[in-house]
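Novice: Quick one: sequence and predicted model below, then my questions.
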Amino acid sequence: MRLVVVPAASLEGCVRLTIIGPASAEPIPGNASSCYLITSVARPDKDLLLDCGHGAAARVLLYTTPERIGSIVISHMHPDHFFDLVPLLYMVWLHGRPKIPLFLPPTGPDILAGIARGLHEKEDFWSRAFDIKVYDPASELSLLGIQVAMTQTHHYIPGWAMRFTEADSAPLVYTADTALTNDVVEFASGAGLIVAESSLPRQTEPEEARGHMTPGEAGRLAREAGAGTLVLSHYPAELAGALVAAAAAEFSGHVVRAEEGLSFEL
Ligand SMILES: [Zn+2]
Ligand SMILES: [Zn+2]
């Protein structure tokens with residue numbers, strides 16, 4: 001695994017992850033919520049956009065172009081994971097750019113249709129920019145040369161953690177939003193890198209009602225999954241300074257706080 005601090009001109013590993021939005025649902029000044037780019041050596045001319053939370057569209061343009069975005073996949077339909085599909089839509093539609101394949105969870109189309117109705121837009125609002133597809137979380141997707149497997153998270157609405165693998169690369173696992181569960185640990189087992197949400201300063205809810213992790217729990221996840229590197233993301237501003245130490249108390253591997261522009265190659 002190689003840490004690349006600025007976007008590299010060429011991909012030297014099998015898969016590159018670039019952090020676009022490290023913030024949780026509440027904004028961090030100058031930062032976007034949930035958004036990542038994944039690039040595969042099989043298709044270095046295209047990027048996979050993973051989630052598109054609020055604030056992401058303006059930031060992602062610093063790292064890619066609408067033409068380079070070959071597919072978008074959304075983990076779950078909370079605003080901090082998909083609201084910037086709206087500005088992205090305008091970047092594509094107003095310039096007559098090719099539609100981008102948009103892979104939504106099963107609940108996605110109804111939610112997008114409801115937003116279009118609420119905005120008094122025509123039925124084709126979303127399809128002006130996106131070729132909308134619904135993924136079956138039980139089946140693997142193949143996107144831009146990357147295999148994408150999913151498992152359901154323990155969250156407040158249906159959502160999916162994702163594992164990205166390209167040929168012989170060690171898996172890259174994205175927890176999306178979830179409490180720490182045995183399922184998620186098993187799913188992340190053997191990951192080369194885990195991007196883990198770490199949105200809670202502490203756990204206050206009873207176990208069955210939990211929907212997020214603390215940074216310490218993200219560290220436990222990385223330890224129990226035997227991961228190589230843990231990237232702590234989806235955190236509120238007040239947790240930023242304490243994240244790495246809290247996770248490192250549970251995990252002796254490489255721990256990094258997600259920041260816009262950081263790239264990792266697997
Ligand atoms: Zn969520
Ligand atoms: Zn979230």
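Specialist: Ah, there it is. Numbering: from 1, shown residues only. Ligands and ions are numbered 1, 2, ... in the order given.

Novice: isn't residue 155 right next to residue 175, touching?
Specialist: No. Counting by Cβ atoms under 8 Å, residue 155 stays clear of residue 175, with 9.9 Å between them. Where you see a C-beta, it was placed from the backbone N, CA and C, and this is true even at glycine.

Novice: So between the two, which is more surrounded?
Specialist: Taking other Cβ atoms under 10 Å, residue 155 and residue 175 do not tie; residue 175 has more neighbours (29 against 21).

Novice: OK, contacts around that one?
Specialist: Contacts for residue 175 (Cβ atoms under 8 Å, 6 or more residues apart in numbering) come out as 153, 161, 184, 188, 194, 195, 196, 197, 213, 218, 221.

Novice: In terms of pLDDT, where does it sit?
Specialist: Predicted confidence (pLDDT) for residue 175: 98.

Novice: What of the one 3 residues further on?
Specialist: We have a pLDDT of 98 for residue 178.

Novice: Same check on residue 4?
Specialist: Note on residue 4: pLDDT of 49.

Novice: Those residues of the chain touching ligand 2, which are they?
Specialist: Within the chain, the residues that sit near ligand 2 (Cβ under 5 Å from the ion) are 80, 177.

Novice: one step back: can you tell me which of the contacts of residue 175 is nearest residue 91?
Specialist: Nearest to residue 91 out of these is residue 195 (Cβ to Cβ; 24.8 Å).

Novice: How about the contacts made by the closest one?
Specialist: Here residue 195 is in contact with 17, 36, 172, 173, 174, 175, 231, 233, 258 (Cβ under 8 Å, 6+ apart).

Novice: Test my guess that the third one contacts residue 18.
Specialist: No. Shown here, residue 172 and residue 18 do not form a contact pair, counting by Cβ under 8 Å, at 11.7 Å.

Novice: Of these two, which one has the most company?
Specialist: residue 172 (29 against 22).

Novice: and that one, bridged to which residues?
Specialist: Beta-bridge partners recorded for residue 172 (DSSP bridges): residue 164, residue 193.

Novice: Quick check: pLDDT value at it.
Specialist: Here, the pLDDT recorded for residue 172 equals 98.

Novice: Need the nearest residue in space to the closest residue to ligand 1 within the stretch 151-266 of the chain, chain neighbours excluded.
Specialist: Evaluated by Cβ to the ion, the stretch 151-266 of the chain has residue 177 as its residue closest to ligand 1, separated by 3.5 Å. Counting by Cβ to Cβ, 6 or more residues apart in numbering, residue 177 lies nearest to residue 155, which is 4.8 Å off, once chain neighbours are set aside.

Novice: ok, now residue 77?
Specialist: Residue 77 sits nearest to residue 111 (Cβ to Cβ, 6+ apart), 4.8 Å away.

Novice: contact partners of the helix or strand that that neighbour is a member of?
Specialist: Following DSSP states H and E, one finds residue 111 within helix 108-118. With contacts defined as Cβ under 8 Å, 6+ apart, helix 108-118 is touched by 74, 77, 82, 85, 104, 122, 123, 125, 126, 132, 134.
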